[in-house]
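A.B. asks: Give me the fold of what follows.
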Amino acid sequence: MKVPFTVEAIGQIHIGVEDIARAVAFYRDVLGMPLLFEVPEQGMAFFDCGGVRLYLSADQSDEFPSNPLIYYRVSDMDEAYRHLAAQGVAFEREPHVVHRTEGYELWMTGFRDPEGNFIHLMSEVSSA
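C.D. replies: Model prediction:
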């Protein structure tokens with residue numbers, strides 16, 4: 001069956017939060033994501049994550065649940081791990097290899113944001 005359109009990329013990802021100010025501070029100040037804009041009267045904030053918009057909102061409900069599992073790509077796993085640990089991020093998993101090919105190793109680590117959402121960092125490291 002031919003689909004009459006093309007899904008080109010992820011445009012936006014939603015993460016429900018309880019405390020929008022706390023979440024904004026974490027994503028902006030700890031993870032260093034550029035804040036695009038906030039809509040304070042609606043408890044919403046939008047960040048740029050490498051061209052994908054990250055949408056945080058405090059309006060999570062049974063009709064609009066949010067249970068994201070997001071993997072953020074980082075350029076240097078060791079540096080990201082050291083920097084975030086120094087910022088007080090408590091990692092649940094230390095960086096480790098999850099997959100190897102002839103050309104690269106896929107490294108991952110994980111932690112929870114202040115809202116309890118589990119976050120993964122991932123990095124493909126050349127094995128050449």
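A.B. asks: for stretch 103-122, which positions count as buried?
C.D. replies: Buried residues in stretch 103-122, defined by neighbour count with 16 or more other Cβ atoms under 10 Å: 105, 107, 108, 109, 110, 111, 113, 115, 117, 119, 121, 122. Just so you know, the C-beta spots here come from the backbone N, C-alpha and C atoms, and that holds for glycine as well.
A.B. asks: What are the contacting residues of it?
C.D. replies: 15-19, 22-23, 26-27, 68-74, 77, 80-81, 84, 89-100, 123-128 (Cβ atoms under 8 Å, 6 or more residues apart in numbering).
A.B. asks: Out of those, list just those in strands.
C.D. replies: Applying DSSP state E to the contacts of stretch 103-122, the entries found in strands are 15-16, 70-73, 91-100, 123-126.
A.B. asks: Name the nearest residue to residue 93, sequence neighbours excluded.
C.D. replies: Leaving aside its chain neighbours, residue 93 sits nearest to residue 110 (4.4 Å; criterion: Cβ to Cβ, 6 or more residues apart in numbering).
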